[in-house]
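In: Provided below are the primary sequence and the corresponding predicted coordinates.
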Amino acid sequence: MMHTSKAEVLGYEVYGSDLSKIRIGNSSVINTLNGHSYNVAKGDPEFREALQASDILLPDGVSVVFGARVLSGQKIQKIAGYDIFTHLLEQLNKQKGSCFFLGASLNTLHLIGQRLGKEFPNVRVGSFSPPYRAQFSEPENKMMCEQVNEFHPDVLFIGMTAPKQEKWVHANKSRLNAGIICSIGAVFDFYAGTTQRPANWVIKLKLEWLGRLLKEPRRMWRRYLLSTPVFFIDVFKSKVKRSLKVK
């Protein structure tokens, strides 16, 4: 990976460079940060540690972009999980590389494989659907790592939802024989078509959060109506505290 910049946002070093600088060939753990994950991590030290240990922590939300501007004076771009997903696949397709999908149901993985075969025909694809449970046993962790290592992918995509996926990667990354390890959660369902992503015009207007809230109000209301305001409040508190120190 080329030289990149970072922006400090409320205790997290957030990726501040262009997406094009993230290249296949370097071993790295990629996670995303948004207002909701920030709020969850406030009460989950293990999750916070996993996010802070990321080699690349992408600003997946306008709230994080805003926070970087206010606290660090840096103008950074929002990079969603779907953005890094397609970016890496385009590189893999050009280089005839490989990727492995760990997570989701067998049906979702099957749909992903079908679509990838049409859109990225040069990419060698592997997948494994782990047991659906809150926490894996050690034999299950070992089995999951073995599935990945036998395939030895250039990119390992993890889709087990946050904070489970980030914590699992943090605990098991030393046992994984993969290049880039990227936790992207809901992207598995978006790409498979089992969950609809908001229209492109909504995303361009930076209203993806509103589209997801309207489509899944029961699941998303807490994320956008409770967690995101907490993030903005903490940004302003930090800004005021810094201003008082300067004075």
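Out: Arrived safely, thanks for sending. Numbers count the residues shown, from 1 in each chain.

In: C-alpha from now on. contacts and neighbour counts both.
Out: Will do.

In: Which positions within the top helix by length along the chain qualify as buried?
Out: As assigned by DSSP state H, the longest helix anywhere in the chain is helix 228-246. By neighbour count on 16 or more other CA atoms under 10 Å, the buried set for helix 228-246 is 228-229, 231-232, 235, 238-239.

In: likewise stretch 96-104?
Out: Applying 16+ other CA under 10 Å to stretch 96-104 flags 97-104 as buried.

In: got the contact list for that stretch?
Out: Stretch 96-104 has contacts (CA atoms under 8 Å, 6 or more residues apart in numbering) with 92, 109, 122-130, 144, 148, 151, 153-160, 188.

In: Low-confidence stretches in the chain?
Out: The model of the chain has pLDDT under 70 over residues 1-3, 197-227, 246-247.

In: Return the members of the contacts of stretch 96-104 classed as buried.
Out: Among the contacts of stretch 96-104, those buried by neighbour count (16+ other CA under 10 Å) are 92, 109, 122-130, 144, 148, 151, 153-160, 188.

In: on that earlier part again, just checking, which of the buried residues of stretch 96-104 belong to strands?
Out: Counting by DSSP state E, these place 98-103 in strands.

In: JSON lines please, covering those residues and showing distance to A171.
Out: Shown next, in JSON lines, are these (distance: CA to CA, whole Å):
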{"residue": "S98", "distance to A171": "23"}
{"residue": "C99", "distance to A171": "21"}
{"residue": "F100", "distance to A171": "19"}
{"residue": "F101", "distance to A171": "18"}
{"residue": "L102", "distance to A171": "15"}
{"residue": "G103", "distance to A171": "16"}
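
In: Not counting sequence-adjacent ones, nearest residue to S127?
Out: Excluding the flanking residues, the one nearest S127 by CA to CA, 6 or more residues apart in numbering is F101, at 4.5 Å.

In: okay, among the buried residues of stretch 96-104, which ones form the most distant pair?
Out: The two members of these with the most space between them (CA to CA) are G97 and A104, at 22.2 Å.

In: Please report how far the residue nearest to S127 lies from R69.
Out: Computed as CA to CA, to the nearest Å, the F101 to R69 distance reads 34 Å.

In: Let me know how buried I76 is, in neighbour terms.
Out: 22 (other CA atoms under 10 Å).

In: scratch that, E150 is what I was asking about
Out: For E150, using other CA under 10 Å, the count is 11.

In: Quick one: the strands in the protein, in order.
Out: Using DSSP E, strands in the chain cover 6-9, 12-15, 28-33, 56-59, 98-103, 124-128, 155-159, 180-183.

In: Can you lay out those strands as CSV showing distance to T194?
Out: Shown next, in CSV, are the strands of the chain (distance: least, CA to CA, whole Å):
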stretch, distance to T194
strand 6-9, 33
strand 12-15, 30
strand 28-33, 22
strand 56-59, 25
strand 98-103, 14
strand 124-128, 17
strand 155-159, 14
strand 180-183, 18
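
In: nearest to I79, of those?
Out: Set against I79 and scored by CA to CA, these come closest in strand 56-59, at 5.6 Å.

In: got the contact list for that closest one?
Out: For strand 56-59, the surrounding residues in contact (CA under 8 Å, 6+ apart) are 13-15, 28-34, 51, 65, 77-80.

In: cutoff 6 Å now
Out: Applying CA atoms under 6 Å, 6 or more residues apart in numbering, the contact partners of strand 56-59 are 14-15, 30-33, 78-79.

In: ditto for stretch 115-131
Out: Here stretch 115-131 makes contact (CA under 6 Å, 6+ apart) with 93, 96-106.
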